[in-house]
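Engineer: Starting from these lines, generate the structure:
(2 chains)
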Amino acid sequence: MEWLIQLRQIKRQWIYLSLAVLVSIPLFFKIRLPFFVGPQAKGLYEAVKDLPEDKVVLLAMDWGAATKGESMWQAQAIIEHLFKEKKPFVILGYDIQGPQLSEELAEKLAKKYGRNYGEDWFNVGFITGGLPLLLRMAKNFQATFKQDSVKRKPLSTFPVARRIKDINDIGLIIDITGSGTYGDWITIQTTYKVPLAVACTAVITPDLYPFLDSKQLIGMLSGLKGAAEYEALIKGSHRKTTLKMMMSQSMAHLLIIILIVLANIGLYIERRRRRSG
Amino acid sequence: MVEVIVTWLAALATLGIYSILYKENPIYRFFEHLFIGLGLGWTIFEVWKDVLQPKWWTPMVVEGKWYWIFAFIIGSLYYFIFSPRFAWMARLVISTLMGLSAGLVFKVTAAIYIPQIEASFRPITFHPSIARGINNLLSTIILLCVILYFLFTVSHEKQPLAGASKLGRWFIMLGLGAMFGSTVMARLSLFIDRLTFLLHDWLKVIKF
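Structural biologist: Numbers count the residues shown, from 1 in each chain, chains lettered A, B, ... in the order given. As a prediction, the model looks like this:
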């Protein structure tokens, strides 16, 4: 039992190293742990599938390089689904980097599915102004965003952009976020009754469950798990990659659980010894 | 060739940042400052490209809407915060924005929380679904216990409030545990993404 007490003194560098090794194993070898698709991801998937033909999807890309490990995989899966289903969409974002990083993803996938910029999708780019800007956008989209961010041309030059006059032409809002930006979109959802889904980093997930219960959100993707679930649903190009990454995640969780349990047993033994003198 | 150089730079930057896990060192500091600098540069460029140039500069200079100069003048008043004598000018702008924000907070609070308050009133009936009935009952008990925990104007020393608020504290701790679990999951996802990049894109030792 001495080793259990000693375990609590282990240098943190060894824990990091063992974590790195364990996380790498599923990337090298085929390891299958249980994985299932939750109702939150299915909610978003169904909403995209059932989107009326005359509506456009609004993708709020409120993420940047700091949360790329989660948000990029989510954005990639959602954009691929939209291209697959031939649902038109517009990209914008509160985050400086989000719209540009998403544009790169969309360009790659557009080539694969034969979709064209301006006809199937367009990018408004980085936006500032918070909720007042979104409220203005809801009333008059064309006056709020005069030009796109890629070709820097007036919105009227793009067929898909001409379809959006106001919020009534938006059939679904998906906020892909690494921060608390969903608050503004929930305000828009409650005010104008536009279906809203959030793809967030796992840190934010517990905050969002009440919004699913109150039906303010029709779906949610939680971190990398959400991306893997969505890739599985759409049979996407990166489903194997995201699934492998999820196996790595499960291995890391197992290690953390084992270490917490062992360290607590060690602490318990140490306390008992101290008490008995 | 460019792609190879970019991948190598990204790999070196990733390793440089993760070197902090061993101990504090100058390589980590270098890459930390590099990221901050890059982020700031990117921000300045994007703010100009997507906001200032199309919404302010072009209308004012190209389209002849000269009155947009007032946006610059009013915005510049902010900087009088550094002058004790003229700080009142900065307060004009700050108080206007505070008023605007206060008005919006009412809208946001109502939009976010009223549907949730509505959703918290759940029918405790086991018909037609027993599972839903149990779920609603549990949800109501948890909600009441947690609210009771925050009821500070009444003594929590006597029963039944003592037991209920203690239970409320346990439920809060369960919630915080879920939050901690999610945080661990999020941080690990970022690490796994970087590891995938290093092994797949840089070293090319794994295939998907």
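
Engineer: so who does the residue of chain A at minimum distance from chain B touch?
Structural biologist: Nearest residue of chain A to chain B (Cβ to the nearest Cβ) works out as residue A:69 at 3.1 Å. All C-beta atoms are positioned from the backbone trio N, CA, C, and that covers glycine. In this structure, residue A:69 makes contact with A:224, B:189, B:190, B:191, B:192, B:193, B:194, judged by Cβ atoms under 8 Å, 6 or more residues apart in numbering or on different chains.

Engineer: Okay, buried residues for stretch A:47-56 please.
Structural biologist: Residues of stretch A:47-56 classed as buried: A:47, A:48, A:51, A:55, A:56 (neighbour count, 16 or more other Cβ atoms under 10 Å in any protein chain shown).

Engineer: And stretch A:15-25, by the same measure?
Structural biologist: For stretch A:15-25, a neighbour-count test (16+ other Cβ under 10 Å) marks A:19, A:22, A:23, A:24 as buried.

Engineer: where does the first one land on pLDDT?
Structural biologist: The reference is to residue A:19. The model reports residue A:19 with a pLDDT of 94.

Engineer: residues touching residue 139, list them.
Structural biologist: Going with chain A. A:166, A:167.

Engineer: meant chain B actually
Structural biologist: Counting by Cβ under 8 Å, 6+ apart, residue B:139 makes contact with B:120, B:122.

Engineer: make it 10 Å
Structural biologist: By Cβ atoms under 10 Å, 6 or more residues apart in numbering or on different chains, the contact set of residue B:139 is A:213, B:119, B:120, B:122, B:124.

Engineer: give me the element it is part of.
Structural biologist: If you go by DSSP states H and E, residue B:139 is part of helix B:130-149.

Engineer: quick one: that helix to chain centroid distance?
Structural biologist: Chain-centre distance of helix B:130-149: 29 Å, with Cα atoms, centre = their mean, to the nearest Å.

Engineer: Mind putting the buried residues of stretch A:47-56 into TSV with pLDDT, secondary structure and distance to residue A:178?
Structural biologist: Listed next are the buried residues of stretch A:47-56 as TSV, based on pLDDT from 0 to 100; DSSP: H, G, I helix; E, B strand; the rest coil; distance: Cβ to Cβ, whole Å:
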residue	pLDDT	secondary structure	distance to residue A:178
A:47	97	helix	22
A:48	97	helix	21
A:51	96	coil	25
A:55	96	coil	26
A:56	97	strand	24
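
Engineer: Same list, those, but as a markdown table with distance to residue B:201 please.
Structural biologist: As requested, the buried residues of stretch A:47-56 are exported to a markdown table (distance: Cβ to Cβ, whole Å):
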| residue | distance to residue B:201 |
| --- | --- |
| A:47 | 33 |
| A:48 | 29 |
| A:51 | 34 |
| A:55 | 37 |
| A:56 | 34 |
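
Engineer: how about those residues in a markdown table, adding distance to chain B?
Structural biologist: Output for the buried residues of stretch A:47-56, formatted as a markdown table (distance: Cβ to the nearest Cβ, whole Å):
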| residue | distance to chain B |
| --- | --- |
| A:47 | 18 |
| A:48 | 23 |
| A:51 | 23 |
| A:55 | 22 |
| A:56 | 20 |
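
Engineer: Go through these and say which is closest to residue A:65.
Structural biologist: residue A:48 (26.2 Å; Cβ to Cβ).

Engineer: SS state for residue A:122?
Structural biologist: Under DSSP: H, G, I helix; E, B strand; the rest coil, residue A:122 falls in the strand class.

Engineer: tally of neighbours for it?
Structural biologist: Residue A:122 has 29 neighbours, counted by other Cβ atoms under 10 Å in any protein chain shown.

Engineer: Helix or strand: which one has the residue of chain B found nearest chain A?
Structural biologist: Nearest to chain A in chain B, going by Cβ to the nearest Cβ, is residue B:193, at a distance of 3.1 Å. Using DSSP H and E, residue B:193 sits within helix B:161-196.

Engineer: Report the buried residues of that helix.
Structural biologist: For helix B:161-196, by 16+ other Cβ under 10 Å, it's B:161, B:164-165, B:167-168, B:171, B:179, B:182-196.

Engineer: What is that helix packed up against?
Structural biologist: helix A:12-28, helix A:68-85, helix A:205-213, strand A:219-222, helix A:223-234, helix A:239-275, helix B:2-18, helix B:130-149 (3 or more Cβ pairs under 10 Å, 6 or more residues apart in numbering or on different chains; DSSP states H and E).

Engineer: of the ones you listed, which approaches residue A:92 most closely?
Structural biologist: Closest to residue A:92 of those is helix A:68-85 (Cβ to Cβ; 12.9 Å).

Engineer: buried ones in the closest one?
Structural biologist: Within helix A:68-85, judged by 16+ other Cβ under 10 Å, the buried ones are A:68-84.

Engineer: Need the contact partners of stretch A:28-35.
Structural biologist: When contacts are defined by Cβ under 10 Å, 6+ apart, stretch A:28-35 is touched by residues A:25-26, A:225, A:228-229, A:232, A:243-244, A:246-251, A:253-254, B:199, B:205-207.

Engineer: any idea of the mean pLDDT in it?
Structural biologist: Throughout stretch A:28-35, pLDDT has a mean value of 87.

Engineer: Could you do stretch A:191-207 as well?
Structural biologist: On average, stretch A:191-207 scores 95.

Engineer: and what of stretch B:110-122?
Structural biologist: Mean pLDDT, stretch B:110-122: 89.

Engineer: Just the C-alpha atoms of it, please, in CSV.
Structural biologist: The C-alpha trace of stretch B:110-122 is given here as CSV (Å, rounded to 0.1, in the frame of the first residue of the first chain):
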residue,chain,number,x,y,z
ALA,B,110,-36.3,38.6,-20.5
ALA,B,111,-35.4,36.7,-23.7
ILE,B,112,-33.1,34.3,-22.0
TYR,B,113,-34.7,33.6,-18.6
ILE,B,114,-38.5,33.9,-19.0
PRO,B,115,-38.7,30.8,-21.3
GLN,B,116,-36.6,28.9,-18.8
ILE,B,117,-38.8,30.0,-15.9
GLU,B,118,-41.8,28.8,-17.9
ALA,B,119,-40.1,25.5,-18.7
SER,B,120,-39.3,24.9,-15.0
PHE,B,121,-43.1,24.6,-14.3
ARG,B,122,-43.5,20.9,-15.0
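
Engineer: Having no further points to raise, I will conclude here.
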